[in-house]
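Student: heads up, no residue letters with this:
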């Protein structure tokens with residue numbers, strides 16, 4: 001009797017295969033990604049955002065672990081590009097806060113993107129769901145497949161001599177681990193490999209990428225209120241926090257005579273997301289073409305993780321990628337000098353006919369930079385949930 005029971009247990013166990021409790025075959029996925037690849041159970045992709053984070057533009061609740069896992073595979077798979085040379089992860093690099101170290105990202109045939117690739121950190125934790133510098137994608141779900149269909153970036157544009165997205169969908173069907181993973185992620189046999197499903201999984205994955213373990217977060221958890229003293233901050237960091245939070249007091253010539261730099265007016269803590277009402281920031285040239293004119297850029301990523309844990313900026317900044325050091329960012333905002341034809345400058349930077357002159361001292365500039373460095377986390381750069389499975 002004991003022998004019979006053992007055989008029955010063995011049959012039941014082996015019938016599940018490497019998928020554990022899954023009803024779907026996952027042999028190809030395990031063969032490619034290794035027997036320890038977390039499918040059954042998948043890794044936990046739920047958010048660990050602290051209770052003082054209130055802005056969340058994601059619709060539909062928390063991230064689904066299976067869809068985020070498939071999104072992770074799609075994000076890093078170069079086979080999503082026309083010539084198998086570029087993945088989402090090629091331009092959004094984990095060790096650089098999911099941004100690109102190049103001023104403009106290189107596409108599959110050596111061409112360059114029209115703007116710097118944004119860091120993909122805390123995308124869901126913002127009032128503004130629109131993506132890209134010019135907000136042309138209404139939300140993350142709408143954004144994630146656009147680079148795949150870009151003629152320069154990943155190539156499935158359907159223009160010129162390049163095939164469209166349908167060609168990619170046909171291609172993915174022939175890659176043995178994708179039919180398995182789509183069935184598994186959507187818990188349904190013969191799940192269609194479609195643009196809708198690809199976008200859904202990529203959105204779940206990118207939405208899960210978050211950073212809330214910084215020195216700033218540790219200080220706020222104890223201080224409770226932004227205005228209170230952060231006992232873990234240095235004097236310079238404290239001064240920088242004050243400069244960031246406080247609006248400038250201006251005289252009749254728009255020169256600061258007191259107060260702070262007013263950064264929080266557009267980059268709102270504790271999420272440090274962009275104010276949805278923000279307009280152009282005075283950077284009005286085209287990326288890669290200083291003679292060009294571009295005022296459509298009114299979006300920015302969070303200010304969290306501008307710097308890496310090593311104290312070096314993660315990526316070139318602004319839509320042009322032309323700001324390589326944070327000191328140049330501060331210098332730009334110290335007195336914004338837009339093109340004379342730029343009528344879209346945010347009124348917080350340009351009041352009437354004159355630009356706001358913050359006249360920050362060099363010590364104040366150092367203090368602001370010290371504060372921005374407190375927004376850098378650590379888990380973001382090493383968490384296996386967001387690393388390449390290949």
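Tutor: Received the coordinates, thanks. Nothing here was measured: the structure is a model prediction, and the numbers come from that model.
Student: Would you mind measuring from residue 120 to residue 315?
Tutor: 11 Å (C-beta to C-beta, to the nearest Å). In short, each C-beta sits where N, CA and C put it, glycine included.
Student: Now do the shared contacts for these two.
Tutor: residue 99 (C-beta atoms under 8 Å, 6 or more residues apart in numbering).
Student: tell me the contacts of residue 132?
Tutor: Neighbouring residues of residue 132 by C-beta under 8 Å, 6+ apart: 115, 118, 143, 146, 299.
Student: where does the protein dip in pLDDT?
Tutor: 1-22 (pLDDT under 70).
Student: The most centrally placed residue in it - nearest residue in space that isn't next to it in sequence?
Tutor: Ranked by distance to the mean C-alpha position of the chain (C-alpha atoms, centre = their mean), the top residue is residue 120 at 0.8 Å. Leaving out its chain neighbours, the residue that sits closest to residue 120 by C-beta to C-beta, 6 or more residues apart in numbering is residue 98, at 4.0 Å.
Student: hang on, the earlier thing: sec struct for the residue nearest to the centre of the chain, please.
Tutor: coil (DSSP: H, G, I helix; E, B strand; the rest coil).
Student: What values do phi and psi take at it?
Tutor: phi -100, psi 70 (degrees, to the nearest 10).
Student: circling back: out of the contacts of residue 132, which comes closest to residue 231?
Tutor: Minimum distance to residue 231 across those is 33.5 Å, recorded for residue 118 (C-beta to C-beta).
Student: Spit out the contact partners of the residue nearest to that closest one when sequence neighbours are not counted.
Tutor: Of all residues not flanking residue 118 in the chain, residue 301 sits nearest, at 4.8 Å (C-beta to C-beta, 6+ apart). Taking C-beta under 8 Å, 6+ apart, we find residue 301 in contact with 99, 118-121, 123.
Student: Apply 7 Å and report the result again.
Tutor: Going by C-beta atoms under 7 Å, 6 or more residues apart in numbering, residue 301 touches 118-119, 121.
Student: re earlier: what's the distance between the residue nearest to the centre of the chain and residue 65?
Tutor: Separation of residue 120 from residue 65 (C-beta to C-beta): 19 Å.
Student: for residue 269, same thing?
Tutor: Remark: distance between residue 269 and residue 65 (C-beta to C-beta) = 30 Å.
Student: Between its first and last residues, how far does stretch 346-353 reach?
Tutor: Start and end residues of stretch 346-353 are separated by 12 Å (C-alpha to C-alpha, to the nearest Å).
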